[in-house]
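Q: Test case, fold it:
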Amino acid sequence: MTNRLAVGPWRGLNDDEIAGIARTLAPIARACPTVFPFPNPIGMPRPWDPDLDPTASFIPKSPRAS
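A: Modelled structure (predicted):
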């Protein structure tokens with residue numbers, strides 16, 4: 001249910017807008033491992049780093065709520 005509810009705000013954005021948000025938030029995500037090391041007990045994955053993956057043009061879409 002949490003995942004389904006989390007998809008709503010992203011539905012109106014196109015891939016470029018989502019990629020822009022991801023790039024904007026990447027520095028914060030890269031700073032998190034200093035507090036939340038990987039692996040961690042809550043299952044937080046390693047953050048995406050656009051500097052290490054500059055050719056990434058695909059950001060997976062969450063499944064739409066049925």
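
Q: distance of L5 from E17?
A: 20 Å (CB to CB, to the nearest Å). Heads up, the C-betas are built off the backbone N, CA and C, glycines and all.

Q: whoops, I mixed them up, G8
A: 15 Å.

Q: just D49 next, same as before
A: Applying CB to CB, one obtains 20 Å for the distance of D49 from E17.

Q: for this protein, what's the longest helix?
A: Assignment by DSSP state H gives helix 15-31 as the longest helix of the chain.

Q: Return the set of buried residues in that one.
A: Going by neighbour count (16 or more other CB atoms under 10 Å), the buried part of helix 15-31 is 19, 26, 29-30.

Q: Make a markdown table out of those and add distance to P37 and pLDDT.
A: Shown next, in a markdown table, are these (distance: CB to CB, whole Å; pLDDT from 0 to 100):
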| residue | distance to P37 | pLDDT |
| --- | --- | --- |
| A19 | 27 | 82 |
| A26 | 18 | 82 |
| A29 | 14 | 79 |
| R30 | 13 | 78 |
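
Q: of the residues you listed, closest to F36?
A: Nearest to F36 out of these is A29 (CB to CB; 10.3 Å).

Q: Got the confidence number for the nearest residue to that closest one once chain neighbours are set aside?
A: The spatially closest residue to A29, leaving aside those adjacent along the chain, is P47, at 3.3 Å (CB to CB, 6 or more residues apart in numbering). Per-residue pLDDT puts P47 at 72.

Q: What is the neighbour count of P47?
A: By the criterion of other CB atoms under 10 Å, P47 has 17 neighbours.

Q: From G8, how far off is it?
A: 23 Å.

Q: Likewise for G20?
A: As judged by CB to CB, G20 and G8 stand 19 Å apart.

Q: and what of T2?
A: For T2 relative to G8 (CB to CB), the value is 12 Å.

Q: Find the centremost residue of this structure, please.
A: Taking CA atoms, centre = their mean as the criterion, A22 is the residue nearest the geometric centre of the chain, at 6.0 Å.

Q: quick one: the helices in the protein?
A: 2-7, 15-31.

Q: TSV please, covering the ones you listed and showing distance to P41.
A: As requested, the helices of the chain are exported to TSV (distance: least, CB to CB, whole Å):
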stretch	distance to P41
helix 2-7	18
helix 15-31	18
